[in-house]
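Enquirer: model this:
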Amino acid sequence: MDLHFGDSKPTDDERAAVDALLGPPESSWEGADRSDADLRWAKGGREARDRRDLLLPGLHAINDRIGWISDGALDYLCRRLTVPPAEAYGVATFYAMFSVKPRPATVLHVCTDLACAAAGASELCAGIEARLGLGSGVSVERSPCLGLCERAPAALAIKAGDPVRTAVSAPATVHDAVLAASAPDSAPEEPPAALAVPQAGGDELILLRRVGVVDPSSLDDYRAHGGYTALRRAFELGPAGVIREVSDSGLVGRGGAAFPTGRKWQATASQPDHPHYVVCNADESEPGTFKDRVLMEGDPYALVEAMTIAAYATGAHQGYLYLRGEYPRALHRLEHALAQARARGLLGDDILGQGYAFDIEIRRGAGAYICGEETALFNSIEGYRGEPRSKPPFPVEKGLFGKPTVENNVETLVNVLPILTMGAPAYAAIGTGKSTGPKLFCVSGSVARPGIYELPFGATLGDLLELAGARDGLRAVLLGGAAGGFVRADELDIPLTFEGTREAGTTLGSGVVMAFDDTVPLPRLLLRIAEFFRDESCGQCVPCRVGTVRQEEALHRIVERTGAAAADDIALLREVGRAMRDASICGLGQTAWNAVESAIDRLGAYE
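Expert: Numbers count the residues shown, from 1 in each chain. Next up is the predicted model:
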């Protein structure tokens, strides 16, 4: 390890931000007041290196307090953690929410992704910039999806300080967005999570049955509505019994990969290497996805209970919840839920008096879509750039910190609760033979009632859009988000199952359903998808790093030309798309061409 520190010094505020996280430095090696005697030997180096995983929280601490990360602040954090400054700079510049250049203390992120673009995000940005003008003390940044698609267009204001303050404006107007940025504490309060669930309170609900019914801040209310019944059942069954129930239920991952959850848990539990870890992937960044946010905001204790069950089943005693940095309300709700669970003996050294120890730590992401890939997420937690790892070895063998790790997203974990309370056979009877249980769908775009819908697998796309109130003039539906595919308005009989969408030549993905009517310019939409993948590619592998750029360039040219010239670029797109799909390291590059390909072949986008 070669450490080269610069001459820049941290300000008092920057030093305080780091020290609040790490504690005061113990020696000159860590940045304490210089003492010649103290510099005769390196002290605490191994302990500091073991805290490398605190690099991302340290960057958050500086960015939250100051609004950007200076050379002096980065240098001080690197001394505290014994991290080479060049590596830390590579991490800091990896995330969109951090800045290593001076900027105003207030940043207003305005979503310009698919749902918000269709709802007038460009006009909103122009109006905000005109209203604020120069010298306003607010930096307006065009942002990828903020996970507020049911209330598009959306804006998130972050005002640095101690403490950092945030405000959400959605659906945003110029006036409300400017108010959120200039006076976050005076901005209107966000509507309750239940407003994102048109079915809220319905007897048919399983996963969403508590959203809008219980007080998300009250542990007593959660327990009064069946909370922690599943964990008690888990302790009765024992770890092997829990895994057997999950396996028999047919539960598969709800993040898009559809890998059998019971098999993943069994593989992790059987590993002789210890410790084991449980990681919840709450970094849903797919444009059009917001189901995990609604679950965390509306029913946070359910996720805490589900992670505890996963840990018990797989022999883990430490869990990490990797949460999107753009979800401030979910962060507050989960921090409160964890504190209450610890105080009541539902986390800690002796859960429910069963002698089982488990606790959960929240780690915030900072704006990187690629960190939704499980191994990129592990690298991010460990304090490295969020770049995917090659597999094998698989996470169940060598995952977080090189140890066996089970990783599931929020929706997958919350499904474990009804499996244990109603029993595997009853759960498996819901849906179809190959796609069992209920599924959450994120519906947005050209519909009267956007939001999260819960339906059993096997319902058709038409059934779902009828519930959401699809508007007249429906032209296309995007399934699976930016990494998914388009279907035509006359293909609404597609069954919403993993196998049904595969047979139809598309994908279910994580459950994104975005409807577009004939007022939405399809070429501009495809260009936005290409821009998204270009921006979000981590750049690690050549097929994705180069291919996403070439894809965007070709789509720019196609928009401006027609005829033979456009045909040449479409042929180039197909060649580049095949290369990305076949040779990219991870799913980002492998799926970056899907939506564009489907729009050309199914919708005739450029005819």
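
Enquirer: tell me the secondary structure for E361?
Expert: Look at E361: counting by DSSP: H, G, I helix; E, B strand; the rest coil, its state is strand.

Enquirer: hey, what's it bridged with?
Expert: Y320 (DSSP bridges).

Enquirer: that one: what's it in contact with?
Expert: Counting by C-beta atoms under 8 Å, 6 or more residues apart in numbering, E361 touches 318-321. Placement of C-beta: from N, CA and C, glycine included.

Enquirer: of the residues you listed, which is the most crowded?
Expert: L321 (25 neighbours; other C-beta atoms under 10 Å).

Enquirer: surely that one touches R363?
Expert: Yes: between L321 and R363 there is a contact at 7.1 Å, judged by C-beta atoms under 8 Å.

Enquirer: same list, the contacts of E361, but as TSV with pLDDT and distance to G481 please.
Expert: Output for those, formatted as TSV (pLDDT from 0 to 100; distance: C-beta to C-beta, whole Å):
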residue	pLDDT	distance to G481
Q318	98	31
G319	98	27
Y320	98	24
L321	98	22
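
Enquirer: out of the residues you listed, the closest to E305 would be?
Expert: G319 (11.8 Å; C-beta to C-beta).

Enquirer: the closest one and R363: what is the separation?
Expert: Look at G319 and R363: by C-beta to C-beta, to the nearest Å, they are 11 Å apart.

Enquirer: ok, now R561?
Expert: In terms of C-beta to C-beta, R561 sits 46 Å off from R363.

Enquirer: which of the two has more neighbours?
Expert: A direct count of neighbours by other C-beta under 10 Å for R561 and R363 places R363 higher, at 19 against 14.

Enquirer: keeping just the C-alphas, turn the helix or strand containing L417 into CSV.
Expert: Element membership for L417, per DSSP states H and E: helix 410-422. These are the backbone C-alpha positions of helix 410-422, laid out as CSV (Å, rounded to 0.1, in the frame of the first residue of the first chain):
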residue,chain,number,x,y,z
VAL,A,410,-36.8,-6.0,0.0
GLU,A,411,-39.8,-7.6,-1.7
THR,A,412,-38.2,-11.0,-1.7
LEU,A,413,-37.5,-10.8,2.1
VAL,A,414,-41.0,-9.5,3.0
ASN,A,415,-42.5,-12.5,1.1
VAL,A,416,-40.9,-14.8,3.8
LEU,A,417,-43.4,-13.5,6.5
PRO,A,418,-46.6,-14.9,4.9
ILE,A,419,-44.8,-18.1,3.9
LEU,A,420,-44.2,-18.8,7.6
THR,A,421,-47.5,-17.6,8.9
MET,A,422,-49.8,-19.2,6.3
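
Enquirer: which SSE is immediately downstream of that helix?
Expert: helix 424-428.

Enquirer: tell me which residues in that next one are buried?
Expert: 424, 427-428 (16 or more other C-beta atoms under 10 Å).

Enquirer: what packs against that helix?
Expert: If contacts are counted by 3 or more C-beta pairs under 8 Å, 6 or more residues apart in numbering; DSSP states H and E, helix 424-428 sits against helix 229-249.

Enquirer: quick check: the gap between R210 and V512.
Expert: For R210 relative to V512 (C-beta to C-beta), the value is 23 Å.

Enquirer: neighbour count for the two, which is higher?
Expert: It is V512, of R210 and V512, that has more neighbours when counted by other C-beta under 10 Å, with 31 against 23.

Enquirer: the more buried one and G353: what is the separation?
Expert: Following C-beta to C-beta, the distance that separates V512 from G353 is 42 Å.

Enquirer: D493: neighbour count?
Expert: 11.

Enquirer: chain neighbours aside, what residue packs nearest to it?
Expert: Nearest residue to D493, sequence neighbours excluded (C-beta to C-beta, 6 or more residues apart in numbering): T460, at 5.4 Å.
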